[in-house]
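Trainee: my questions are about this predicted structure, shown below with the sequence.
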Amino acid sequence: MRIQGKDCTLTVARDGEFIPIPYSEETVRQTSKGYSLPSCIGQRNRDKTIVTGKKIEGCFTTRLEHSNIMSLFLLFFYLNQGFDIYVDRGFEKIIYKNINTCGFELRGDNGESFKLRVDVKENEDSFTDNWPLTIPDLSWERQRTYFYDGKSVSCDLKTIPLVYRFELTASFNEKIKYQIKLYFPLSSEHYPVNDRIEKLSIVIDQKDGITLDVYDLVPSGGLCDINCSDTVLCNQLFDVTGIVVLTMRNEKEFTQIIL
């Protein structure tokens, strides 16, 4: 990838498999952790920060492709298993070892590629390292990209005319929480009423037979609308109380990842 005029790469490694990522944003860093000491009353001294160590945190954003979609979703399935990130920023090469994911956001805008943001955090066994001399070629090769079709969304087996945008978010902290926000033109005829949805299906790619199914959606708050001259655009946030299932079913493969 060309980032600020430099050839940069980001590769996720897990169980001996290296997955080069066509990322558009990367903020994984070692940040300082510690505590602050307030300045003395009546003095002009600034607050003091005592650094006690470093912690790894940040995120990376990538588009979904044939070569990375299943491997990335497996990170969310094996939450307690660490993985590595190999980063070549041009001016430095660094490995973030044995880190975990703490959440993600999958976003689709009609006619554009699916975007996935992966949030990462450290654990007690995380550390940074330099690239070894025997590292294989980690350059990214272009693959078929998956694009979101806003007319490929069905709700309780009924196709919705248009969901022009969606955002599926997950938080893996003390509790696992999923939410999904749908953006659509208001239509009482085609869009379900403000009620529970048993199953929402999004086609990721029809050729590869990849679908994303979200179960047991409960509305969180009311509809939000944006008044326009010809239509009314709305968005609705749902809490996901069931499971999230990514399925690849074609002539060569049948795989399901249940989150």
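Mentor: Received it, and whenever you're ready, just let me know what you need.
Trainee: residues touching D109, list them.
Mentor: D109 sits next to 148, 164-165 when contact means Cβ atoms under 8 Å, 6 or more residues apart in numbering. Bear in mind the C-beta positions are built from the backbone N, C-alpha and C, glycine included.
Trainee: try V214
Mentor: 168, 178, 180, 199-202, 240, 242, 244-245.
Trainee: mind showing which ranges of the stretch 101-250 of the chain have poor pLDDT?
Mentor: Along the stretch 101-250 of the chain, the parts satisfying pLDDT under 70 run over 187-194, 221-232.
Trainee: now with 50?
Mentor: For the stretch 101-250 of the chain, no stretch has pLDDT under 50.
Trainee: which parts of it are strands?
Mentor: For the stretch 101-250 of the chain, the strands defined by DSSP state E, counting those that start in this stretch occupy 115-121, 127-129, 153-155, 158-159, 165-172, 176-185, 197-205, 210-219, 224-227, 232-240, 244-249.
Trainee: can you put those strands in a markdown table and add distance to F77?
Mentor: Formatted as a markdown table, the strands of the stretch 101-250 of the chain follow (distance: least, Cβ to Cβ, whole Å):
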| stretch | distance to F77 |
| --- | --- |
| strand 115-121 | 13 |
| strand 127-129 | 24 |
| strand 153-155 | 23 |
| strand 158-159 | 29 |
| strand 165-172 | 11 |
| strand 176-185 | 12 |
| strand 197-205 | 16 |
| strand 210-219 | 14 |
| strand 224-227 | 32 |
| strand 232-240 | 16 |
| strand 244-249 | 9 |
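Trainee: and these: which comes nearest F91?
Mentor: strand 127-129 (15.4 Å; Cβ to Cβ).
Trainee: neighbouring contacts of stretch 74-82?
Mentor: 12, 14, 83, 97-101, 104, 118, 123, 125-126, 170, 172, 257-259.
Trainee: CA atoms only for it, dumped as PDB, please.
Mentor: What follows is stretch 74-82, C-alpha atoms only, in PDB (Å, rounded to 0.1, in the frame of the first residue of the first chain):
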ATOM      1  CA  LEU A  74     -11.800 -15.900  12.900                       C
ATOM      2  CA  LEU A  75     -10.000 -13.400  15.100                       C
ATOM      3  CA  PHE A  76     -13.500 -12.500  16.600                       C
ATOM      4  CA  PHE A  77     -14.200 -16.200  17.100                       C
ATOM      5  CA  TYR A  78     -11.000 -17.000  18.900                       C
ATOM      6  CA  LEU A  79     -11.100 -14.000  21.300                       C
ATOM      7  CA  ASN A  80      -8.800 -15.600  23.900                       C
ATOM      8  CA  GLN A  81      -6.100 -16.600  21.300                       C
ATOM      9  CA  GLY A  82      -3.500 -14.000  20.500                       C
END
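Trainee: and that stretch, what's buried?
Mentor: Of the residues in stretch 74-82, 74-76, 82 count as buried by neighbour count, 16 or more other Cβ atoms under 10 Å.
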